[in-house]
Every structure is written in C-alpha cells, then in structure tokens.
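*Asks:* build me a model:
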Amino acid sequence: MCYPAYLLFLLVSITNQLVSSQECSEINDNNCFAEKHECLLYLAPSSISGAGFGIFTTRDVPEGEGVLPYSDAPSLVISDYEYFNVTGKDWAHNSYNWDGGGFADFECESSAEHVMTFGSTSNYHTYLKNVIRYNDGYDDGIVSRFTDPSAGSFSYHKGHYFTASRAIAAGEEIFADYGESWLDNRKEYADSVPREDDFIEAGTILTAIKESSLKSAAVINDDVLSVVKGVAKIFSNERVMALVPNTKAEYEAIIQDPLDNYLNVIAKKSIINRNVKWIQDNGLCLDNILPGKSTLSQVGQGAFASRILAEGSMISPVLLLQIPNSDSLLMYDVMRDKESNELEIGDEPIGKQLITNYCFGHKDSKLLLCPQSNAILINHCSSRKNGGNYCGAKGPNAKIRWASGWDPDTSTWLNMSLKEIERATVKNQRGLSFEVIATRDIKEGEEIFIDYGPNWEDAWESHKNVWTSPTEGSGFENYTPLANVIGISSLRTIDEQEENPYPDNIVNACYWYEYNSEWYNPDERGYYNGDDYIPDYPDNMQTNNEIHRCDLLKKISDTHYEVRIYHGMDEWYESNEVLLTMYPKESITFRMKRYTSDQYLPGAFRHFIEIEDGIFPEQWKTSNIM
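*Replies:* Below is the predicted model:
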C-alpha cells in the first residue's frame, strides 16, 4: 500500500532547549516554587491502563521550562551490579534504573543511576513523551574524607531536573523518554506497546483512507474500515492495526480534527483522559518537599516544607521498590587484567552499595524497601539523648507509616511471605508504599525529620567512634575534591604529568559525540580535526552527558590540544579510541578516576533506616522464614 509522501510532515519537531534555573537551584529560603501555596504536582493512577501510578501537573508547562525549576533529590549511583550476578530476581530496581550518564559514568566500570521522582515514577509513552532530563552536576566539596565521618555516606550526585520537550497542558501526565530499547528488552509484556513509528504509520493509513474517500466519494462505514484494515495488516504489524479505528464512529471522532493533529488524536486515544479536577480529587501532592542544604552538619541536603503542613497531614506518598535479600547489595573489587583485558571480580566483599543508606529495613530481616521519591531527603533526629541528632523531647516532626488505602496493593503485599515477594520481584512487580505523616504542625521552610531508629543511631555512633581518615598506602590518601579542581587547575599533558601529576583521583575528560567517519578524513597520523567539538552550551560542561575519559597528548597552543578520547569509557580497547588534533581547550575538563570517589571509601558508613517493629510484618523476619 502506498501512502502520500507529504504525510511525513506530520512529524512533530521537539526542540531540546535547556533553560537556566539559577534562582531555584539552591533552595535554602524554601519559598522558590510554592506558588500561592498550591500543589502543582501530583501522584495519581496513570492515564496508561495497567501502568500503576504516574505523575501529573496541574499547571501549563511551556516548552523548555522545567516541570520543577530544580532537581528534587540526589540520584544514587549503583556500581557494577551486573558483575556481581545481580539480576531482576534480586532487585525490583532493574526496570527503574537509568544507564549511568555524566559524572556517574566515571564512578566505576559499569554504572546505573537511580533517579528519584520523575526518573523512577514517570511512565513512558512513545509518542506523547514530554520531558527531557538534564544532569544537575556533582558536588564532592560538602564534606572532607580527612575530617568528616559522614564522607561517602550520602550521594554527591545532585540528581536530574526534567524540562518540557513540548508544551505540557495542565492535567497531562508527565511522560519520560526511556528509549524504545527499554520496551524491546521487555518483550514478554511490552511487545504490544505501540512504538512511535506505529503511531506515525497509523496516522498515514488514516489519512490515506480520508483522501481516498474524498476522491471517490466513497462512504466510510464499519464494513469499509474492516476491508481496509484487512489489506493494511499485510503491510503493517498488529500494534499499528490496534491504533486504526474499527468503526465509523471512531473514525469520525478522529478526522474531525485538523489533518496535522491526527497523530496526536490517535495517541491520546491510547490513554485515559484526566483533567485537573480529577487529579486534585484523586491524586496526592508531590511538591510538599523542597530540597535544600540541611540544618544538620555533614549530611548534605535535607527536606524542607514548601508550605504549612498540618499535624496528621500527608507530607509525601512514597512508592517503594523491594530488594528481597540485602546481601545482593554487597560489592566486590572489580579489576581488569591489562594483558587479557578480562574483568576479574574479587572473592571477598569490600562494602555495600550506597543505596543501602536510603532504604528501609528491619534488624531481623534481609528485606529492604527503597523510596522512589524525594522522601530520601528526609534526615534523622530523635528524642533519645544518648545518640546524635537529638531534637528535643518532642522528637522529629514526621513519621512513616504504610499507605492508608491510596495504594490498594500495599494491604495485599503486607500479608505476603518473603517467597511470594521474591516471585513478584522476578515478575518486575512492586506493591508496597509508605506515606510520610506530619506528627505536629510544620511551618513553611522548616526542615522535616523522621526517626531512623535506635539501631541506626547506635551504628552511626559506633562508626564515628572508630572512624579514621584514609591512611598512607590505602589508595585514598592523595585526594583533591573535583569541586576544588574544575575551573581552577591548569591542564597538563601526559608528559607534563610525569613531572607534575594530578591527584590520584583526578583524570582529564573531553566532550565527544559519535561521528560518521565518512564525513571526516584523518591525517597521515590517524588524527581527525577536532576544532568543531564544542558543546552547544559550553557553560554546562559539568552537566553534559557527552563527556569521556581522555588524555592530553600535546599542547598545540594556548587554545588547542591533541587528545586521545576513550569513548565508551573503556581505555583498555584501542578500537574505542579516537585521536583528535586542534581540539579546543574549552571542551576539556576534569572528572574522578574510577573507584576513587568517597562512595568507595573503605569503611564508609552503611546502614538502612529502621522500620518500627510494631508495623513490620512478622513473616518477613528471618527467624520466621520456613
């Protein structure tokens, strides 16, 4: 079947426009975004049938503007988990993690990134996707590994902010772009999900039907549509056929719109229509918490109330992802043999994944439950005087409890055995949720705290008592924070580093994107001309995801170098190298060397947040497992 070529012009062009949100990037007065004290972001049942919960906005978001004008929580880097034989049966996170990008790429051999809220709760629609994520950077200057016991105990990755890739209307669900490979790798349940090309093809078929009917004056009815679909399915897949209308009524409902809106109408018919009132009546507010520098020292960010929160009110709904066995968070040495290029994994654990500190658990169980939202910002305080972070006899101003009806799966899962939870994890299912509740009135701008539990407190006090700074020969003693190097230190070629090396944790990094070798002709030495490798936004080198490990081979002038770039982050394979001459100095920066950041410090504090014994199901305790 031949479709009119001009229909290609129906494709919508989405401009990736990054806008500055400097005034809201550091929220310490906590008044930046709580416009008129009205909630503007909600968690509610998704408009995609069977997709669980989704995130909705109740305000119009212009193209290029942030859904929130800041990153709402740190992101958590997961290190090398596939090398440790961790699979989907071990963590529910596997379907929620993003490939490591930006600074996360430099943390380890193979990184994944758990991005809170939009990154883990937003659903994916291949045609209606409406946000792009941007890395918000990295700050390792908050604490010092030489003076602070908390070094390495919280994430220095500042998270991601999500910007509208097209105008988003009030009432729309936020759809992140997972990439269609995410669906292709989940054929068992995602093969029937229409891809973007399926929507385009369905629109082309529909347009061809209308044009043919206009030319021939044919009457379109159910029988005609059935015949047309019977012919079209010879050339098209089942996903496309499911989008083409079956009845005259469905057909007329679409073609009453302008020609250039057919695709949008078809796409919107694949979801359930929501409006602002429905969202406000059926959703739960997601923007009661604002990030900001904690009032506690040595802990990084904290959670602050964006508006007055009354005693007993819900501060935040918290969807949880389960890790049935906390032993799957153990980490091992990852080494690469320089002769064989083969990876070698150590036999003995060297620590635990940092995500441990952000998950909830119980001392008598190996089950961990990890939040998907900015509730991870909430720090600890208690009414116990024998531990740190004492906050008076009243104790903290918030607490957690199990979801009170809005997540209907929670009550079912609370009666499940650990074996049943393990089986659900294998099937990529989740079903438990908390809610954070105000235990007294909380003022706008007040920091929110919960009690992490006496065992957590004892573990922290014990850690502080035995903590020492990195010792000579540990591999962690010759260290300078990236925050003290970027934009300050001078660049050095590999020859200059022989005389004056960088600190052990610092490497050079260069901006680079995949090129078509047919467009470039290397010189006789194999060097390509690199003078056009300048980011679209040079001021955002520290949040750019197209930064790769590189060596500076030769300084040509004050403005240009010859460089070797290791694309794919793998300097062990020559096929992953590219040589460039006349490479601009402005596209060179610094990153951390693998496994040298505070996240990998020997003895860095690791302990889950405690779930009170009174609300923890008995059948989840190790002693009760049959």
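
*Asks:* run through the stretch 251-400 of the chain and note the low-pLDDT ranges.
*Replies:* Applying pLDDT under 70 to the stretch 251-400 of the chain flags residues 259-260, 387-388.

*Asks:* switch to 80 and redo it
*Replies:* Low-confidence segments of the stretch 251-400 of the chain (pLDDT under 80): 256-261, 337-341, 385-389.

*Asks:* same check on the stretch 451-600 of the chain?
*Replies:* Within the stretch 451-600 of the chain, the stretches with pLDDT under 80 are 487-489, 514-520, 536-540, 543, 567-576.

*Asks:* same thing but 70
*Replies:* 515-520, 538, 568-575.

*Asks:* what are the ranges of the strands in it?
*Replies:* 506-511, 528-529, 547-555, 560-566, 577-584, 588-592 (DSSP state E, counting those that start in this stretch).

*Asks:* may I see those organised as JSON lines, with distance to M314 added?
*Replies:* For the C-beta atoms, the positions are set from N, CA and C on the backbone; glycine is no exception. Formatted as JSON lines, these follow (distance: least, C-beta to C-beta, whole Å):
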{"stretch": "strand 506-511", "distance to M314": "43"}
{"stretch": "strand 528-529", "distance to M314": "56"}
{"stretch": "strand 547-555", "distance to M314": "40"}
{"stretch": "strand 560-566", "distance to M314": "48"}
{"stretch": "strand 577-584", "distance to M314": "51"}
{"stretch": "strand 588-592", "distance to M314": "39"}
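
*Asks:* what ranges does the stretch 401-550 of the chain have for its helices?
*Replies:* Under the criterion DSSP state H, counting those that start in this stretch, the stretch 401-550 of the chain carries helices at the ranges 408-413, 418-426, 454-466, 494-499.

*Asks:* mind listing residues that contact the last one?
*Replies:* When you say that, I think you mean helix 494-499. D551, L552, L553 (C-beta atoms under 8 Å, 6 or more residues apart in numbering).

*Asks:* which of the helices of the stretch 401-550 of the chain sits most buried?
*Replies:* Highest mean neighbour count among those (mean count of other C-beta atoms under 10 Å): helix 418-426, with a mean of 17.

*Asks:* what segments of the stretch 101-250 of the chain are helices?
*Replies:* Secondary structure of the stretch 101-250 of the chain (DSSP H, counting those that start in this stretch): helices at 118-121, 180-184, 187-190, 196-216, 222-232, 238-243, 248-255.

*Asks:* now the fourth one - C-alpha only, CSV.
*Replies:* Listed in CSV are the C-alpha atoms of helix 196-216, where the atom choice follows Å, rounded to 0.1, in the frame of the first residue of the first chain:
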residue,chain,number,x,y,z
GLU,A,196,6.4,6.0,17.8
ASP,A,197,6.6,4.7,14.2
ASP,A,198,3.4,2.7,14.8
PHE,A,199,1.6,5.9,15.6
ILE,A,200,3.0,7.6,12.5
GLU,A,201,2.0,4.6,10.3
ALA,A,202,-1.5,4.5,11.8
GLY,A,203,-1.9,8.2,11.0
THR,A,204,-0.6,7.7,7.5
ILE,A,205,-3.2,4.9,6.9
LEU,A,206,-6.0,7.1,8.3
THR,A,207,-5.0,10.0,6.1
ALA,A,208,-4.9,7.7,3.1
ILE,A,209,-8.5,6.5,3.9
LYS,A,210,-9.8,10.0,4.2
GLU,A,211,-8.1,11.2,0.9
SER,A,212,-9.4,8.1,-1.0
SER,A,213,-12.9,8.7,0.3
LEU,A,214,-12.8,12.4,-0.8
LYS,A,215,-11.6,11.5,-4.3
SER,A,216,-14.1,8.7,-4.8
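
*Asks:* please, which helix or strand holds the nearest residue to S294 once chain neighbours are set aside?
*Replies:* Among residues not flanking S294 along the chain, G302 sits closest, at 3.2 Å (C-beta to C-beta, 6 or more residues apart in numbering). Taking DSSP states H and E as the definition, G302 sits inside strand 301-305.
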